[in-house]
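Novice: sequence isn't available, so here's the structure alone:
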């Protein structure tokens, strides 16, 4: 005959044990006496694993948050396979491992915060017992954006083995920003920006004979380029860029890349387009009309451009002279994304500046 009186106690102990383990597996560490003020924008969630790429992602997120006032949540997804040793067998072991992870995460985050002057009170650090992408998808489901560093795998390796950034773009519904680590926080960034700005100045020309000084070039801000095509997802990308520019002050360039064989569908016209020159005029008007439909915050400067080129090639070229590329994703997944291809996947693999994909 069973003793029913012991069953509730056993269930309660099991529940408590499960709760303690779950509490460890997802831990968010916040500095003491932190103000819990609501921001207009949700948090920025960034993946952190100690690599150069993740350092760049965290730095970029902190820089962005300095302008917007957002909180940053640095997430570390870990598993036993990451040189973590044997799984802890007792409460004391679990507690010790948690402290080790906390100390390492804090060291990484404080180092970057000190370098760029980020308010450490606006930083949260979360460790999650899960793979990197799974942790970011779960914790970042309500974020304003998820930020990750771009791995330095070859294009062939990324095609066969995939990447965290591509997986995030496919699986999450929030915007995903991919940061290039080698373009941040070093002397090369300044030189690259100077070269790009000089090339832009030569391309668009100067007003009259006015000389553009070296100091003006060094202080110039490269624009944020947004790929537009008339779709709802590209409007969401444009609005995302505009809302960000309201804080950062960056100029937005809405770029429409078109081709003769498809422009009639984009423009939704059955009339025959007689020439490339006429198509260019229609494309330029389309870009301006599309931007006019957006909610443009006061003070944000928006420019439009139209080019007779495929979106892949056009946005890739723009990435050399932009601070950031932002575009919408049409949601191709699996077989279709790999074999039919997508502009967003192409830019994740090939763009030379920070890239954000908006769903």
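Specialist: That came in fine, so what should we check first? This structure is a prediction, so every number in the text was calculated from the model and none was measured. Numbers count the residues shown, from 1 in each chain.
Novice: the helices in the stretch 251-359 of the chain, which residues?
Specialist: In the stretch 251-359 of the chain, the helices defined using DSSP state H, counting those that start in this stretch lie at 263-267, 276-292, 311-318, 334-335, 343-350.
Novice: worst average pLDDT in these?
Specialist: Mean pLDDT across these is lowest at helix 334-335; the value there is a mean of 45.
Novice: before we move on, the earlier item: out of the helices of the stretch 251-359 of the chain, which gets nearest to residue 141?
Specialist: helix 343-350 (19.6 Å; Cβ to Cβ). Every C-beta, even on glycine, is put in place using the N, C-alpha and C of the backbone.
Novice: helices and strands around the closest one, which ones?
Specialist: Helix 343-350 sits against helix 155-161, helix 164-171, helix 311-318, strand 324-328, strand 354-358, with contacts defined as 3 or more Cβ pairs under 8 Å, 6 or more residues apart in numbering; DSSP states H and E.
Novice: partners of the last one, with directions?
Specialist: Using DSSP bridges, the neighbouring strands of strand 354-358 in the sheet come out as strand 176-179 (antiparallel), strand 324-328 (parallel).
Novice: now do it against helix 311-318, angle only.
Specialist: 140 degrees (axes from the mean of the first three to the mean of the last three Cα atoms, to 10 degrees).
Novice: who touches strand 354-358?
Specialist: Taking contacts as Cβ atoms under 8 Å, 6 or more residues apart in numbering, the residues outside strand 354-358 that touch it are 60, 145, 169, 175-180, 183, 233, 236-237, 240, 319, 323-329, 344, 347-348.
Novice: swap in 6 Å and give it another go.
Specialist: 169, 175-179, 236-237, 240, 324-326, 328-329, 344, 347 (Cβ atoms under 6 Å, 6 or more residues apart in numbering).
Novice: again, but for the second one
Specialist: With contact meaning Cβ under 6 Å, 6+ apart, helix 164-171 is reached by 132, 133, 137, 146, 148, 176, 178, 333, 348, 357.
Novice: could you turn the buried ones of these into a PyMOL selection?
Specialist: Selection of buried members from these for PyMOL, criterion 16 or more other Cβ atoms under 10 Å:
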select buried, resi 132+133+137+146+148+176+178+348+357
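Novice: in TSV, list the contacts of helix 164-171 along with distance to residue 310.
Specialist: Listed next are these as TSV, based on distance: Cβ to Cβ, whole Å:
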residue	distance to residue 310
132	32
133	29
137	31
146	28
148	26
176	23
178	21
333	21
348	16
357	18
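Novice: which one of the contacts of helix 164-171 sits closest to residue 91?
Specialist: Using Cβ to Cβ, the contacts of helix 164-171 come closest to residue 91 at residue 132, 26.5 Å.
Novice: the closest one contacts residue 75, doesn't it?
Specialist: No - with contact defined as Cβ atoms under 6 Å, residue 132 does not reach residue 75; the gap is 8.2 Å.
Novice: what residues are shared contacts of those two?
Specialist: Shared contacts of residue 132 and residue 75 (Cβ under 6 Å, 6+ apart): residue 47.
Novice: for residue 309, see how far away residue 277 is.
Specialist: Residue 277 sits 16 Å away from residue 309, going by Cβ to Cβ, to the nearest Å.
Novice: neighbour count: the two, which is higher?
Specialist: Using other Cβ atoms under 10 Å, the more surrounded residue of residue 277 and residue 309 is residue 309, with 15 against 9.
Novice: who are the contact partners of that one?
Specialist: Applying Cβ under 6 Å, 6+ apart, we find residue 309 in contact with residue 257.
Novice: check which helix or strand residue 230 maps to.
Specialist: Assigned by DSSP states H and E, residue 230 belongs to no helix or strand.
Novice: repeat for the one 10 residues further on
Specialist: Per DSSP H and E, residue 240 falls inside helix 232-248.
Novice: which outside residues touch that helix?
Specialist: Under Cβ under 6 Å, 6+ apart, the answer for helix 232-248 is 67-68, 175, 224, 226, 228, 252, 294, 296-297, 300, 326-328, 358.
Novice: in it, which residues are buried?
Specialist: Going by neighbour count (16+ other Cβ under 10 Å), the buried part of helix 232-248 is 233-248.
Novice: low-confidence bits of the protein, can you list those?
Specialist: Confidence mapping of the chain against pLDDT under 70 gives the ranges 1-39, 79-87, 152-164, 181-220, 331-341.
Novice: got the domain boundaries for it?
Specialist: 24-182, 221-358 (automatic domain parsing).
Novice: does the residue lying closest to residue 97 once chain neighbours are set aside count as helix, strand or coil?
Specialist: Closest residue in space to residue 97, ignoring its immediate chain neighbours: residue 88 at 5.4 Å, by Cβ to Cβ, 6 or more residues apart in numbering. Under DSSP: H, G, I helix; E, B strand; the rest coil, residue 88 falls in the coil class.
Novice: and residue 42, how many neighbours?
Specialist: A total of 16 residues lie near residue 42 under the criterion other Cβ under 10 Å.
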